[in-house]
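J.: got a predicted structure here, sequence first:
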Amino acid sequence: MTTLYVRSTDGDDADNGTTWALAKATLTGVAAIDVAGDVIWVSQNHAESTAAAISFDWAGTAANPTRVICGNDGAEPPTALATTATVTTTGNSGITCSSSFDLVYVYGISFIAGSAASGTASITLGAAQGRAHYDSCVFDLASTGTSSTISCGAGKIICTNCNFQFSATAHKIVVSGFTELTGGSVLSDTAITTLFILNAAGATVLVEGFDLSNCAAAMNLCANTDPCNRLMLRNCKMPASWSGSVNSSTPGPGSVFELHNCDSADTNYRLQKKTQFGNITHETTIVGGAGATDGTTAISWKMVSNADAEWNHQTLDSPEIVQWNETTGSAITATIEIVHDSLTNITDQQIWVEVQYLGTTGFPLSLFVDDAAADYITAAADQADSSASWTTTGLTNPNTQKLNVTFTPQEKGYIHAVVKLAVASKTVYVDPKITVS
């Protein structure tokens with residue numbers, strides 16, 4: 001394991017890279033000699049440019065990852081980090097930042113693919129089954145070629161406080177494994193139509209604290225029909241007047257696409273959830289009188305099933321509703337209020353609540369209880385009527401009912417409730433608040 005240095009201003013790939021005076025001139029040059037565990041310092045003045053495609057095959061392993069870090073070359077090794085190093089390809093040439101089975105950490109480098117080009121020049125952040133972690137980096141698709149992408153391979157890609165730049169409306173981030181974006185942003189945008197494509201069954205994206213405000217109002221987060229995909233956005237800033245979808249296509253089997261508390265304004269309740277069996281969004285007009293609120297605005301969840309929802313396993317499932325419980329050894333009843341637009345009651349084969357609670361003495365082993373029909377052959381029964389007050393503006397025949405279950409917790413802890421809608425083409429408004437009695 002060695003400390004190596006890269007500086008384009010006076011480096012030479014013929015040198016051994018062991019000091020600033022003997023620095024390599026390019027990241028390509030140092031990648032050809034690195035071994036597992038090396039720390040590679042890249043000068044803050046490094047500006048590498050080539051017309052050829054670039055591919056970095058780092059030697060890092062789980063026990064000894066490679067670290068590629070931009071730092072101020074006024075000391076050896078640097079005593080101050082920097083974020084100004086650049087690696088650029090011109091023409092229709094791409095950059096593979098991490099290939100093969102690399103385990104690498106990269107800090108403070110901008111990767112610019114296809115500068116001033118009109119063809120395809122993509123950026124690959126990781127391939128195969130490796131693990132690449134990028135911190136305070138920039139990924140810039142400078143080519144206007146419509147097929148250019150930022151590609152995240154079948155391994156794990158982590159981007160912390162990284163920024164992304166696109167130059168054509170068809171540009172996007174393509175994910176095949178697990179990708180996590182924490183912090184960072186999309187820089188000035190060219191009205192991309194779709195941000196992500198989940199390119200394989202099981203591909204998963206988690207986005208938290210990410211700034212999308214430079215994107216177009218109509219941008220969709222993804223367009224996916226593959227099975228077992230997962231996309232989650234939490235606590236992100238959206239474009240002004242954002243009208244796009246968390247998924248503009250129909251999700252495949254087992255896929256879930258969610259957006260929680262993401263908005264362009266000062267709200268903290270915006271919700272979208274889309275699955276194979278329907279769509280769930282937040283609602284601020286049809287709301288319970290004494291129901292869920294963010295402290296100022298009353299909210300409910302609008303659950304809209306599609307034609308494929310049916311009893312008893314093809315269900316549109318709400319996000320979890322969670323509440324702390326202090327009672328032990330005594331029966332309690334948990335109630336969720338609902339309203340729908342129909343003279344006909346909704347039944348326990350069409351909607352129910354499933355509650356997970358700590359029902360085992362001495363262990364945090366949960367038990368489950370629901371108010372669905374007992375089994376597949378049990379006749380349906382109406383869910384209970386409710387006298388709860390709702391604002392029902394726009395409903396012709398508002399029908400208030402409630403979902404409730406009684407159980408005996410044996411340990412203090414959280415109660416987790418999920419509402420399941422299992423009837424085709426039905427709209428139900430759910431108050432996301434557990435009332436315990």
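T.: Received it, and whenever you're ready, just let me know what you need.
J.: for the rest of this, base every contact and every neighbour count on C-alpha atoms.
T.: OK.
J.: just give me the residue closest to the centre of the chain.
T.: Among the residues of the chain, the one closest to the centroid is L206, at 2.6 Å (C-alpha atoms, centre = their mean).
J.: residues contacting that one?
T.: Contact criterion C-alpha atoms under 8 Å, 6 or more residues apart in numbering gives 179-181, 231-233 as the residues in contact with L206.
J.: repeat for T146
T.: Neighbour list for T146: 119-120, 168-171 [criterion: C-alpha under 8 Å, 6+ apart].
J.: most neighbours, which of the residues you listed?
T.: H171 (26 neighbours; other C-alpha atoms under 10 Å).
J.: apart from its neighbours in sequence, what residue is nearest G108?
T.: If the residues on either side of it in the chain are set aside, G108 comes closest to T83, at 3.8 Å by C-alpha to C-alpha, 6 or more residues apart in numbering.
J.: surely that neighbour is within a helix?
T.: No: residue state for T83 (DSSP: H, G, I helix; E, B strand; the rest coil) corresponds to coil; a helix is not indicated.
J.: show me the contacts for it.
T.: For T83, the contacting residues are 44, 70-71, 107-110, 136-137, taking C-alpha under 8 Å, 6+ apart as the criterion.
J.: could you do G359 as well?
T.: By C-alpha under 8 Å, 6+ apart, G359 lies in contact with 365-367, 408-411.
J.: how close does it get to A373?
T.: In this view, G359 and A373 are 22 Å apart by C-alpha to C-alpha, to the nearest Å.
J.: rewinding a little: farthest pair in the contacts of G359?
T.: With distances taken as C-alpha to C-alpha, the most widely separated pair in the contacts of G359 is L365 and T408, at 13.4 Å.
J.: quick one, which of those two is more surrounded?
T.: Residue environment comparison for L365 versus T408 gives the larger neighbour count to T408, 17 against 13, counting by other C-alpha under 10 Å.
J.: who's in contact with that one?
T.: Applying C-alpha under 8 Å, 6+ apart, we find T408 in contact with 328-332, 359.
J.: name the nearest residue to it, ignoring sequence neighbours.
T.: Nearest non-adjacent residue to T408 (C-alpha to C-alpha, 6+ apart): A331, at 4.2 Å.
J.: could you do A47 as well?
T.: Nearest in space to A47, with sequence neighbours left out and distances taken as C-alpha to C-alpha, 6+ apart, is T86 at 4.8 Å.
J.: what's across from that neighbour in the sheet?
T.: Applying DSSP bridges to T86 yields these beta-bridge partners: A47, S110.
J.: who are the contact partners of it?
T.: Contact criterion C-alpha under 8 Å, 6+ apart gives 46-48, 109-112 as the residues in contact with T86.
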